[in-house]
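Student: one predicted model, sequence on top.
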Amino acid sequence: QIVATGICRTDNHLIGGLFPNTEFPVIPGHEGAGIVESVGEGVTLVKPGDKVIPLCHPQCGECSFCLNPDSNYCIKTHFHEPQTLMPDKTSRFTCKGKRIHHFLWCSTFAEYTVMPEYAVARIDAAAPLDKVCVLGCAFPTGYGAAINTAKVKPGSACAVFGLGGVGLSVVMGCKAAGASRIIAVDINKDKFAKAKELGATDCVNPKDFTKPIHEVLMEMTGHGVDYSFEVIGHTETMTAALASCHFNYGVSVIVGVPPAAQKITFDPMLLFCGRTWKGSVFGSWKSKDAIPKLVADYMEKKFVLDPLITHTLPFSKINEGFDLLRKGKR
Ligand code: NAD
Ligand code: ZN
């Protein structure tokens, strides 16, 4: 039973046909929290009544990727084998007799959903589900991109492109890692107050400049930032973020989901000089191991989640939630 769900930009990509490997009709939603209502035969890790977070990026614990301590990319993830149907290739959703597809095995925009055992994490029974639902995607994705993927060092300079729920979580991760300068970049200036509250030291709106944003950041920092993060999902900003980091030891991380079927053309000289360009799925966390620990850390007040929760709406108003997302109001 899904008790609370967040709305992530990825759900909007899905609805717009921009998310890879999907099939329609589909029930979106992948950032939720709920309570186990019943379990199937052979399920041992959870029991009815347990509080759980669905894992949009599963951890089967058995594949060669899961067994590799350096990988969080389980072979059962959507990008490897689409999670549009259950592992037995059936759907558990129908509408008027017609089959409806699952989304990332989560489909948290349903009041009840069915998930494989290795795609749910049992969490603290005292956790408030309306808050910790953002630990299903936005927070671990952004926070982990800074501390796990980039491994931001104390005293470093970072730039975060895009200040939605995921980008703000990158800002929090950079701050927690001890970055001394965090430059927040967004074309919506309404996002700056919260970014500052969470640790951004400078806020830059590319619309305020006629020159390209990477030139602005080069001038602000001398030779570019140590770490840059693209948290929007546009090919142009992916290249701009790469060009904004130090030409030799800079690390640029792609967090925004690349729009399906689009290509990037870029000057290879950007990499030849030594920069590193990498991607980050689910903040490089091994999901099933990490989520219960992140819930415990939240309960111990090691980080905040409230700034990521801009509105709380009843399920019946979910389309208003999408309007707020599209208008940049959340
Ligand atoms: P969001 O829509 O809430 O935030 C995106 C922000 O980018 C907005 O504030 C918007 O104003 C800003 N923006 C748009 N165009 C810009 C530009 N040209 N320059 C600067 N800023 C610009 O999105 P979100 O929910 O925070 O998600 C961000 C991205 O992360 C999406 O692409 C989403 O699909 C992706 N994502 C990736 C993972 C992963 O595992 N890697 C997980 C979740 C989400
Ligand atoms: Zn696996």
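Tutor: Happy to help now that I have it. Ligands and ions are numbered 1, 2, ... in the order given.

Student: low-confidence stretches in the stretch 101-250 of the chain?
Tutor: For the stretch 101-250 of the chain, no stretch is flagged by pLDDT under 70.

Student: now do the strands in it.
Tutor: Per DSSP state E, counting those that start in this stretch, the stretch 101-250 of the chain carries strands over the ranges 120-122, 157-161, 181-185, 202-204, 227-230.

Student: check which helices and strands the second one sits against.
Tutor: When contacts are defined as 3 or more C-beta pairs under 8 Å, 6 or more residues apart in numbering; DSSP states H and E, strand 157-161 packs onto helix 165-176, strand 181-185, strand 227-230, helix 235-244. C-beta here means a position set from N, CA and C on the backbone, and glycine is covered the same way.

Student: closest residue of this structure to ligand 1?
Tutor: Nearest residue of the chain to ligand 1: Gly164, at 2.1 Å (C-beta to the nearest ligand atom).

Student: what sits against that residue?
Tutor: For Gly164, the contact set (C-beta atoms under 8 Å, 6 or more residues apart in numbering) comprises Arg9, Ala138, Lys191, Val231, Arg330.

Student: which of these has the most neighbours?
Tutor: For the contacts of Gly164, the largest neighbour count, defined by other C-beta atoms under 10 Å, is 29 neighbours, found at Val231.

Student: show me the domain layout of this protein.
Tutor: 2-138+284-327, 150-279 (the TED database).

Student: let's have those domains in CSV, adding distance to ligand 2.
Tutor: Putting the domains of the chain into CSV (distance: least, C-beta to the ion, whole Å) gives the following:
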stretch, distance to ligand 2
domain 2-138+284-327, 3
domain 150-279, 18
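
Student: out of those domains, deepest packed?
Tutor: domain 150-279 (a mean of 20; mean count of other C-beta atoms under 10 Å).

Student: now do it: distance to the chain's middle.
Tutor: Put simply, domain 150-279 sits 16 Å off its chain's centre (C-alpha atoms, centre = their mean, to the nearest Å).

Student: what's the answer for stretch 54-74, then?
Tutor: For stretch 54-74, the distance to the chain centre is 16 Å (C-alpha atoms, centre = their mean).

Student: how about residues contacting that stretch?
Tutor: Taking C-beta under 8 Å, 6+ apart as the rule, stretch 54-74 contacts 2, 30-34, 75-78, 80, 104-106, 108, 113, 115-116, 118-121, 136-137, 281-282, 284-289, 291.

Student: ok, now stretch 233-245?
Tutor: Residues outside stretch 233-245 that contact it (C-beta under 8 Å, 6+ apart): 9, 13, 159, 161-162, 212-214, 217-218, 224-230, 250-252, 254, 256-259, 262-264, 266, 270-271, 275, 277.

Student: restricted to helices, list the residues you listed.
Tutor: Mapping the contacts of stretch 233-245 onto helices (DSSP state H) picks out Arg9, His13, Ile213, His214, Leu217, Met218, Leu270, Leu271.

Student: farthest-apart pair in these, please.
Tutor: Farthest apart among these by C-beta to C-beta are His13 and Met218. That separation is 30.3 Å.

Student: just to revisit the earlier point, of the contacts of Gly164, closest to Ala177?
Tutor: Val231 (16.0 Å).

Student: and Leu308, what is it in contact with?
Tutor: Counted by C-beta under 8 Å, 6+ apart, Leu308 has contacts Val134, Ala138, Phe139, Gly165, Leu168, Ser169.

Student: between these, which sits nearest Ala150?
Tutor: Comparing the contacts of Leu308 against Ala150 with C-beta to C-beta places Ser169 closest, at 13.1 Å.
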